[in-house]
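Colleague: make a model of this:
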Amino acid sequence: MVMNEMNKEYFFKNIFKILIALIIVCSFLYILTPFFFPILLGGILAMAFSPFVRYFIKKGHSRKLSLIGLTFLLFILGAAPISVVFIRGTKAVSTFLTEQSLIVTKHNIEDRIYAVLDNFSELNSIDPFVVREKFDSFMTTAGSYLLNFFSNFLTQIPDIFLLGFITILSFYFFLANEDKVRKIFDRYFYFSKENGDRFIILLKSSCKEVFFSNVLTGIVQASIVAGGAFFCGIGDAFIIFICTFFLSFIPLIGAGPFSFAIAILAFVEHKTGAGIAMIVVSIISGIADNVVRPYLNSLGEVEVHGFITFLAIIGGVFVMGLPGLFIGPLLSSLTFGALPIIMDDFFPERSHE
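Modeller: Got it, this is the predicted structure:
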């Protein structure tokens, strides 16, 4: 009874301190909400690359030099391919536009597509005017959608560069303050030393698994599409590889539709064999996205069934968009790996029995 009275007195004496602390913390978190996902992605990258920092330190390099080197490498891996694509793509477009006018190009493409549609209508005994009308309606809708998509993308380019810069800074910050973050974790989570180490190891391995599985999946898809385009003699294989790699991270677009678009261009240029080959490549790349990614995510330290990982990826994308591609499988791995550690810390005797 006396203890309860002391607790009440202590609470009421400090209630304003608690309220002020909550207001300060909530206000600080509120102004950081636009950068929540870049900071979270930076933390995931820091966890994934943490073993490399220790490896370089064991080789005799200083910690600061290792951090700067890894941060610069991450920046180059992200910025260099995009810069090359922009430069080479701009040159290709400018060369194309100087060779012929847009109106002539538009009529040439339409004539080729109409010729393919007329052949299709003749083979299947369909009225060609109906097919052309359906095609024109589809192209109007698709053109409007693509125009809005690219317009929104162009307006968001400064924000994308800013968020990428925040991600790189967060990556460096978390790696540079790894020991401080661990002290904060030990102070407020009250894990035993053994379970605390297990939790941190699990978190790092899960982040590494999620990051590299997505990167490897993107490389596999990009290699399939770029290889198919190279052997079919369509476009610039390097630009196709880079574009496919980055598109593989975009929900609902991915590499499959991109390779299908290349197949359509091949048919327009009367390259029937190449168009059929690229359709096959499109199907293979789509299968790779739905098979390779969940398979790699299921090979981590925590045994998570491939079906559950697949649901986590799809659910994460639907709820969070592109960041869900990383956060979804990470949460599934933590659910099946971290909960046993937490339960073991709460009920050590029962878990040991």
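Colleague: if I look at the closest residue to I314 other than its chain neighbours, how far off is L311?
Modeller: By the measure of Cβ to Cβ, 6 or more residues apart in numbering, the closest residue to I314 outside its immediate chain neighbours is G328, 7.6 Å from it. In this view, the C-beta of every residue, glycine as well, is placed from N, C-alpha and C. Separation of G328 from L311 (Cβ to Cβ, to the nearest Å) stands at 8 Å.
Colleague: residue contacts, the residue positioned nearest the centre of the chain?
Modeller: Geometric centre of the chain, nearest residue: F249, 4.1 Å, by Cα atoms, centre = their mean. Neighbour list for F249: 214, 218, 322, 325 [criterion: Cβ atoms under 8 Å, 6 or more residues apart in numbering].
Colleague: rewinding a little: neighbour-wise, which of G328 and L311 wins?
Modeller: Counted by other Cβ atoms under 10 Å, G328 and L311 do not tie: G328 has more neighbours, with 24 against 15.
Colleague: I'd assumed A312 was in contact with the more buried one.
Modeller: Yes: here G328 reaches A312: they are 4.1 Å apart, a contact under Cβ atoms under 8 Å.
Colleague: buried residues in the host helix or strand of R54?
Modeller: Using DSSP states H and E, the element containing R54 is helix 36-58. By neighbour count with 16 or more other Cβ atoms under 10 Å, helix 36-58 contains the buried residues 37-50, 53, 56.
Colleague: show residues contacting that helix.
Modeller: Applying Cβ under 8 Å, 6+ apart, the contact partners of helix 36-58 are 32, 63, 65-67, 69-70, 74, 163-164, 166-171, 173-175, 178, 203-204, 206-208, 210-212, 320, 323, 326-327, 330.
Colleague: which ones among those residues map onto strands?
Modeller: With strands defined by DSSP state E, no entry of the contacts of helix 36-58 lies inside them.
Colleague: of those residues, just the buried ones, PyMOL syntax please.
Modeller: Burial among the contacts of helix 36-58 is assessed by 16+ other Cβ under 10 Å; the matching PyMOL selection reads:
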select buried, resi 66+67+70+74+163+164+166+167+168+170+171+173+174+175+178+203+204+206+207+208+210+211+320+323+326+327+330
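Colleague: which other helices and strands contact the top helix by length along the chain?
Modeller: Secondary structure of the chain per DSSP state H: the longest helix is helix 128-176. With contacts taken as 3 or more Cβ pairs under 8 Å, 6 or more residues apart in numbering; DSSP states H and E, helix 128-176 sits against helix 36-58, helix 63-99, helix 102-123.
Colleague: can you give me the pLDDT of S27?
Modeller: pLDDT, S27: 91.
Colleague: mean confidence score for stretch 213-223?
Modeller: 82.
Colleague: centre of the chain versus it, how much separation?
Modeller: Centroid separation for stretch 213-223 versus its chain: 11 Å, with Cα atoms, centre = their mean, to the nearest Å.
Colleague: right, I'll call it a day here.
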